[in-house]
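Asker: quick one: sequence and predicted model below, then my questions.
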Amino acid sequence: MSELKTSPETKQSLHDWLVSDAPTSRRQAKLSSYYRAWLTLKSNPMAMFGLAILSGLLFIAAFAPWLAPADPFEQDLAARLLPPGEGGYIFGSDSLGRDILSRLMYGSRITLYIVALVALMAPIVGLFVGTAAGYLGGWVDVVLMRITDIFLAFPRLVLALAFVSALGAGIENAVLAIVLTAWPPYARIARAETLTIRNADFIHAIKLQGAGAMRIITRHIWPLCISSLVIRVTLDMAGIILTAAGLGFLGLGAQPPSPEWGAMISAGRKFILDHWWVVTMPGLAIFTVSLAFNLLGDGLRDVLDPKKNK
Amino acid sequence: MTTENNGGRRRELSSSQKFIKSVTPWVIGFWKTTFTVLITMVGLLCVTFIIGRVMPIDPVLSIVGEAASNETYQQAYRDLGLDKPIITQFFIFLWDVMHGNFGESLLTARPVSQDLIRVFPATLELASVGIIIGIVIGIPLGVIAAVNQGTWVDHIARVIALIGYSMPVFWIGMIGLMVLYGKLDWVAGPGRLDIFYVDIVPSVTGMILVDSLIAGDMTIFWNAVSHIILPAGLLAYYSLAYISRMTRSFMLEQLDQEYITTARVKGLSETSVVWRHALGNVKVPLITVIALSYAGLLEGSVLTETIFSWPGIGSYITTALLSADMNAVLGGTMVVGLVFVGLNIFADLLYKVFDPRAK
């Protein structure tokens, strides 16, 4: 076969095609770089372990109504505080006779909901502030970065507490409070990226063609900032989960009948000395998920950190 | 002769110019830092003021009660200064805060500033014991992980740190209390002292460990130790995770340098190379890391104190939160923020003092 291969034919050749040293199309080069990153990640067992847990979590959250053995809100006062394994309750039952396992499964939806919202909103706020400050420079930069520093100066949980207490308790307000405290690091990263990009030749070339600041920022700077923001978000996920659970524990996040994990711990607090499972199970769930995010984030940083690839 | 004179004068001029040149950056740096700090502090106050304004709770109603007549309500409204323009209100707020006046707490019916002075030493004590344990274990752990990079020792150190990053502090605190206090009875329960020891030692610093040593009462000292060890140990675990990871990466950087090879060629023992030469050079960045994680412990103490009924600033804020005591919440938030900023600046300054290159 003398002609150049531009598309894969069999499974074996797919691998060869992807790791080829001489890509023949832009698509191949791009896919090849993703594939290599994936191979590095795959060779890291801890990161793969984290990824497996998170896939499991997604699966459970998606199919909770089918997987859960019982209704998470159904009370059975005759079967209060049963230890794990007794009466068909795999993880035991809580103080109102609700099945803890089912509640944990439904609770995973709330956790994912909070994490997803924060992980979408906080970097976007940071991206707006950071690129505007970096590209426009001058007093805009000074003012925006001062504001960023002020928000960075507050300890995160304390500021979130103050925000939620002012806005009122509830999941949406908890999300808002976490976003308000989580955006400053992203703004810093976006600004640093923008500063290195703004004087690049291609930006000058676009300027000469008559592009305005708006077009340059949205079409040319944002796409280049995104990868470093994504790494940072993955590393921050565990922190987001822990903050959300902490707010739930203090009664400022999700409200009672809701099976949010932090709120479940708080509800089980009274019974901890004689009924260990009521608190232990939701805590283990929080711990497992944030550990999984940390393991994956750690692995991803190794893959995407340009310093290590040298 | 003239040329010599000229030359001399020129040299003199240039040396005084040199002096000015060498001092100017320090002076500018000083004013710049002061300015930045001031702006940040005012910003902190701004944010807390705004939070105080958006709260849905009516501050007037919480004073006069639901059944108050319209005239009483209006009177209280004016007394609180709420009829004034928002900018004027902000400056009044700023003026009050600068004079240490955070308003009165609804819960304790005392000035918030007095409450804060009373609860702060407890937090300081907890965080200090925590950071000391964190340093004593974290630095050696990081060094050992760096020396054994890629081996099982390194992996274990990494897993220890990752577990520390992933554990919800309020949960592990409750589990710790349940197991170590409830079942095994190894440590004492919540609070700072057993109830029959409370208020025996005169309060000098407000930190019971120090106060009991000053009074020479060892029974109370050991009782306080048995109370503080679990919450402080938990906080220590968090700082330990961060300190050991940072120590590891600083050490890896140093162990790669040529002077390490030189030291080895000279025949120095491995212990001396690692612990004296390499660790000696990471001292400066480590101080910054320690100051930052000390600030982080203040934050971690909010949840820890709630679990252990530790009467510090963290449980003060959370109790105030649950009873909608806004003055107390804002005062507490502000003080924690100010301490946070203070520690950051302190870390910066230490860096400048200890690292000759930063000059």
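Answerer: Nice, I can see it.
Asker: which strand or helix spans residue 288?
Answerer: Unless you meant another one, I'm taking chain A. Element membership of A:T288, judged by DSSP states H and E, is helix A:277-304.
Asker: the chain in question should be chain B.
Answerer: Using DSSP H and E, B:T288 sits in helix B:279-307.
Asker: again with A:T194
Answerer: A:T194 is part of helix A:171-197, with elements assigned from DSSP H and E.
Asker: how about that helix: buried residues?
Answerer: Residues of helix A:171-197 classed as buried by neighbour count (16 or more other C-beta atoms under 10 Å in any protein chain shown): A:171, A:173-191, A:193-194, A:197. Every C-beta, even on glycine, is put in place using the N, C-alpha and C of the backbone.
Asker: packing partners for it?
Answerer: Counting contacts by 3 or more C-beta pairs under 8 Å, 6 or more residues apart in numbering or on different chains; DSSP states H and E, helix A:171-197 packs against helix A:100-136, helix A:138-153, helix A:156-167, helix A:222-249.
Asker: before we move on, the earlier item: for the helix holding A:T288, buried residues please.
Answerer: Neighbour-count burial for helix A:277-304 flags A:277-300, A:303-304 (criterion: 16+ other C-beta under 10 Å).
Asker: and stretch A:110-130, by the same measure?
Answerer: A:110-115, A:117-119, A:121-123, A:125-130.
Asker: in terms of secondary structure, what does the helix or strand encompassing B:T271 contact?
Answerer: Using DSSP H and E, B:T271 sits in helix B:270-271. Packed against helix B:270-271, as judged by 3+ C-beta pairs under 8 Å, 6+ apart, are no other helices or strands.
Asker: so which residue is smack in the middle of the chain?
Answerer: Let's take chain A. A:M237 (3.8 Å; C-alpha atoms, centre = their mean).
Asker: hm, I was asking about chain B
Answerer: The centroid of chain B falls nearest to B:A295 when counting by C-alpha atoms, centre = their mean (2.5 Å).
Asker: going by proximity to chain A, name the top residue of the stretch 251-359 of chain B.
Answerer: Across the stretch 251-359 of chain B, no residue is closer to chain A than B:E299, which sits at 3.6 Å (C-beta to the nearest C-beta).
Asker: ok, B:L235 - how many residues close by?
Answerer: For B:L235, the neighbour count with other C-beta atoms under 10 Å in any protein chain shown is 28.
Asker: I'd say it and B:V302 touch.
Answerer: No - assessed by C-beta atoms under 8 Å, B:L235 is found out of contact with B:V302, at 11.0 Å.
Asker: if I look at these two, which residues touch both of them?
Answerer: Counting by C-beta atoms under 8 Å, 6 or more residues apart in numbering or on different chains, B:L235 and B:V302 have no contacts in common.
Asker: which residues of chain B fall in helices?
Answerer: Chain-ordered helices for chain B, with DSSP state H as the definition, fall at B:2-54, B:59-64, B:70-79, B:86-98, B:112-147, B:152-166, B:169-176, B:208-215, B:218-255, B:258-265, B:270-271, B:279-307, B:313-322, B:326-354.
Asker: winner for burial among these?
Answerer: helix B:313-322 (a mean of 24; mean count of other C-beta atoms under 10 Å in any protein chain shown).
Asker: helices and strands around that one, which ones?
Answerer: helix A:156-167, helix B:112-147, helix B:279-307, helix B:326-354.
Asker: out of those, which is closest to A:D16?
Answerer: For the helices and strands packed on helix B:313-322, the distance to A:D16 is smallest for helix B:112-147, at 38.6 Å, taking C-beta to C-beta.
Asker: distance between that closest one and the chain's centre?
Answerer: 8 Å (C-alpha atoms, centre = their mean, to the nearest Å).
Asker: which elements pack onto it?
Answerer: Secondary-structure packing of helix B:112-147 (3+ C-beta pairs under 8 Å, 6+ apart): helix B:152-166, helix B:208-215, helix B:218-255, helix B:279-307, helix B:313-322, helix B:326-354.
Asker: how about 6 Å then?
Answerer: Packing partners of helix B:112-147 (3 or more C-beta pairs under 6 Å, 6 or more residues apart in numbering or on different chains; DSSP states H and E): helix B:152-166, helix B:218-255, helix B:279-307, helix B:313-322, helix B:326-354.
Asker: indicate which one of these is closest to B:F91.
Answerer: Among the helices and strands packed on helix B:112-147, the nearest to B:F91 by C-beta to C-beta is helix B:326-354 (16.4 Å).
Asker: that closest one and chain A, are they touching?
Answerer: Yes - if you take C-beta under 6 Å from any C-beta of the partner chain as the test, helix B:326-354 does meet chain A, through B:V329, B:T333, B:V336, B:G337, B:F340, B:V341.
Asker: got those residues as TSV, with pLDDT and distance to B:V265 columns?
Answerer: Converted to TSV, the residues of helix B:326-354 next to chain A look like this (pLDDT from 0 to 100; distance: C-beta to C-beta, whole Å):
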residue	pLDDT	distance to B:V265
B:V329	82	61
B:T333	83	56
B:V336	84	51
B:G337	81	51
B:F340	80	46
B:V341	80	46
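Asker: now do the buried residues in stretch A:58-72.
Answerer: Neighbour count says stretch A:58-72 has A:I60, A:A61, A:A64, A:A68, A:A70, A:P72 buried, by 16+ other C-beta under 10 Å.
Asker: what residues does the stretch 1-150 of chain A have near chain B?
Answerer: Within the stretch 1-150 of chain A, the positions near chain B by C-beta under 6 Å from any C-beta are A:R146, A:D149, A:I150.
Asker: top of those by neighbour count?
Answerer: Most surrounded of those: other C-beta under 10 Å gives A:I150, at 21 neighbours.
Asker: ok, it - contacts?
Answerer: By C-beta atoms under 6 Å, 6 or more residues apart in numbering or on different chains, the contact list for A:I150 reads B:T40, B:G43.
Asker: what about it, distance to A:F293?
Answerer: Distance of A:I150 to A:F293, computed by C-beta to C-beta, to the nearest Å: 28 Å.
Asker: among the buried residues of helix A:277-304, which ones lie close to chain B?
Answerer: When contact is defined as C-beta under 6 Å from any C-beta, the buried residues of helix A:277-304 meet chain B at A:V279, A:G283, A:I286, A:F287, A:S290, A:L291, A:N294.
Asker: ok, so of those, who is nearest A:R156?
Answerer: Comparing these against A:R156 with C-beta to C-beta places A:S290 closest, at 15.0 Å.
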